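Chemist: Any chance you could fold what I've pasted below:
(one chain, ligands or ions: 2)
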Amino acid sequence: MFRRKDRIEVKTPEQILLMREAGLVVGRTLELLRESVRPGISTRELDALAEESIRSHGAVPSFLGYHGYPASICTSVNDEVVHGIPGDRVLQDGDQISIDCGAILSGWHGDAAITVGVGDVDAASLELSRVTEEALWRGLAAAVAGGSVRDIGVAVESSVRSQPAGESYGIVEEYVGHGIGTSMHMEPNVPNYDHGGKSPQLVVGMALAVEPMVCAGSRHTRTLADDWTVVTTDGGRACHWEHTVAVTAEGPWVLTAIDGGAARFAELGVASPAATRH
Ligand code: MF3
Ligand code: CO
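Modeler: Ligands and ions are numbered 1, 2, ... in the order given. Predicted structure coming up:
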């Protein structure tokens, strides 16, 4: 691994394999949480399940204690965009929850988020989540050597805007994706929109967390008095999807997806090492 003058970390293939192990801990933990979401479960119970799962794999929850954050996952319900703190809240039929999870294994970080419906969810909210997840995969597909960080934001934004109700959604700008490796948040910032201008070129060995946050209405957010929970200012729902991806010589490898991205990239016609390597 070396750190460039712009402070972006470039990993060796062996180090990317270690990041894959950390990514799988996050992927498996989110799979468990997805299956556990149901009306009547509290966000605190989900947090306990997450911490137990992460530690059972020999890893450490990276969020716990990060800038004083008090839990192992973020649980953001309905109009909460990101950084919701697990607690007494009991999930109700019709809710929609974004769960963000991070783990450290052998010093390497993985970071991913999913949005899950609770029981019977209205069609507009399901569509918002579908649009956000598709935008994530379009962004991940742009994580190729020779491209640039800007290409990822362009791919995310154009994916959202090309959807049936695409022009009416808000794409959050205050929070962005990030480089990841020996720390959770590293250079470069990875915006979910076209920020214009020059941006770093992607090279083999970079690892990025791509994480679009898409709102049913306005993109504007505010932070609650707990100093963490970010909500939409208009009270509309927001969805958050995230994966950690490595730029490899064979294409993007989604380290936090159980199949490495094989299925989604096959649909999109994107070459990936996940097609032959898990
Ligand atoms: N996982 C979030 C991100 O994607 C960060 C969580 S903030 C924490 O960048 F404080 F909870 F760790
Ligand atoms: Co992240």
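Chemist: who in the stretch 101-250 of the chain is up against ligand 1?
Modeler: Proximity of the stretch 101-250 of the chain to ligand 1, by Cβ under 6 Å from any ligand atom, involves residues G102, D111, A209, E211, E242. Quick note: C-beta positions are derived from backbone N, CA and C, even for glycine.
Chemist: Which of these fall in strands?
Modeler: If you go by DSSP state E, these have G102, D111, A209 in strands.
Chemist: Could you tell me which of those residues count as buried?
Modeler: Among these, those that count as buried by neighbour count (16 or more other Cβ atoms under 10 Å) are G102, D111, A209.
Chemist: Could you check the pLDDT of the first one?
Modeler: At G102, the model reports a pLDDT of 98.
Chemist: Touching, it and M184? I think so.
Modeler: Yes: contact criterion Cβ atoms under 8 Å: G102 and M184 qualify, at 5.7 Å.
Chemist: hang on, the earlier thing: please tabulate the buried ones among the ones in strands among the residues of the stretch 101-250 of the chain next to ligand 1 in a markdown table, including the columns distance to L32.
Modeler: Converted to a markdown table, those look like this (distance: Cβ to Cβ, whole Å):
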| residue | distance to L32 |
| --- | --- |
| G102 | 15 |
| D111 | 17 |
| A209 | 20 |
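Chemist: How about the residues of this protein by ligand 2?
Modeler: With Cβ under 5 Å from the ion as the criterion, the chain meets ligand 2 at residues D111, A209, E211.
Chemist: rewinding a little: so what sits against both of G102 and M184?
Modeler: Listed as contacting both G102 and M184 by Cβ atoms under 8 Å, 6 or more residues apart in numbering are S62, H109, D111.
Chemist: check contacts around the last one.
Modeler: Yep, that's D111 we're talking about. Shown in contact with D111 (Cβ under 8 Å, 6+ apart): V26, S62, D100, C101, G102, I180, M184, A209, E211, E242, T244, T256.
Chemist: Helices along the stretch 151-278 of the chain, start to end?
Modeler: Secondary structure of the stretch 151-278 of the chain by DSSP state H, counting those that start in this stretch: the helices cover 262-268.
Chemist: pLDDT below threshold where in it?
Modeler: Where the stretch 151-278 of the chain drops to pLDDT under 70, the residues are 278.
Chemist: Taking it, what residue is nearest to ligand 2?
Modeler: Relative to ligand 2, the nearest point of the stretch 151-278 of the chain is A209 (4.0 Å; Cβ to the ion).
Chemist: Please, where are all the strands along the stretch 1-150 of the chain?
Modeler: Listed in chain order, the strands of the stretch 1-150 of the chain (DSSP state E, counting those that start in this stretch) span 2-3, 9-10, 60-61, 73-77, 80-82, 96-105, 108-117.
Chemist: for the fifth one, the distance to its chain's centre please.
Modeler: In this view, strand 80-82 has its centroid 13 Å away from the chain centroid, taken as Cα atoms, centre = their mean, to the nearest Å.
Chemist: same check, this time on stretch 120-133
Modeler: Distance of stretch 120-133 from the chain centroid (Cα atoms, centre = their mean) equals 17 Å.
Chemist: quick one: buried residues of it?
Modeler: Buried residues in stretch 120-133, counted by 16+ other Cβ under 10 Å: V121, S125, E127, L128, S129, V131, T132, E133.
Chemist: show me what contacts the fifth one?
Modeler: S129 sits next to Q96, T115, G117, C239, W241 when contact means Cβ under 8 Å, 6+ apart.
Chemist: let's go with 6 Å and repeat that
Modeler: Contact analysis of S129 by Cβ atoms under 6 Å, 6 or more residues apart in numbering lists T115, C239.
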